[in-house]
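>>> Just to be clear, the model below is a prediction. Sequence and coordinates:
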Amino acid sequence: KKYFDEYPEETILIYSMWSGYRSLPGVKKLLDIAKNHETIHVSGHITKEDLEKVIGMVKPEKLMIHHISDAEKENTELNLPTDIKLMNILDGEFVEL
């Protein structure tokens, strides 16, 4: 709530859960607070287009994509801004943040 009140133009809630949850009191309250929100499916099997949209909204410095096979990787090259560092992490590898 603090960020939506203090930075209304720069703050957005990306809602990614099932739309049926919107009627639950806690979720409804959150969505009412978040005057600026976008519904995008970002969990599970996100589409290339939705992933690019979220990346464009969040503008991360580093990006690590989870659950993509080498075969999928060749067919789903993302259109990323040049200032984002894509971190390719394999199963069993660790990253210190």
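Looks like it arrived, so ask away.
>>> The most centrally placed residue in the chain and Asp5: what is the separation?
Central residue of the chain (Cα atoms, centre = their mean): Val54, 4.7 Å from the mean position. Counting by Cβ to Cβ, to the nearest Å, the separation of Val54 from Asp5 is 24 Å. Every residue, glycine included, has its C-beta placed from N, CA and C.
>>> Then Lys62?
Distance, Lys62 to Asp5, using Cβ to Cβ: 29 Å.
>>> Would you mind measuring the gap between the ends of stretch 79-96?
One end of stretch 79-96 to the other measures 26 Å (Cα to Cα, to the nearest Å).
>>> Give me the contacts around it.
Glu52, Ile55, Gly56, Lys59, Pro60, Glu61, Lys62, Leu63, Met64, Ile65, Leu78 (Cβ atoms under 8 Å, 6 or more residues apart in numbering).
>>> Could you give the backbone dihedrals for the second one?
So that's Ile55. In terms of degrees, to the nearest 10, the main-chain angles of Ile55 are phi -60, psi -40.
>>> Going by neighbour count, which residues of stretch 25-35 are buried?
Ala34 (16 or more other Cβ atoms under 10 Å).
>>> now that stretch, how far from the centre of its chain.
Remark: stretch 25-35 is offset 18 Å from the chain centroid, using Cα atoms, centre = their mean, to the nearest Å.
>>> Kindly report the same for stretch 50-70.
On Cα atoms, centre = their mean, the centre of stretch 50-70 falls 7 Å from that of its chain.
>>> now what about it, what contacts it?
With Cβ under 8 Å, 6+ apart, stretch 50-70 has contacts from 12, 14, 38, 40-42, 46, 76, 78-81, 83-87, 89, 95.
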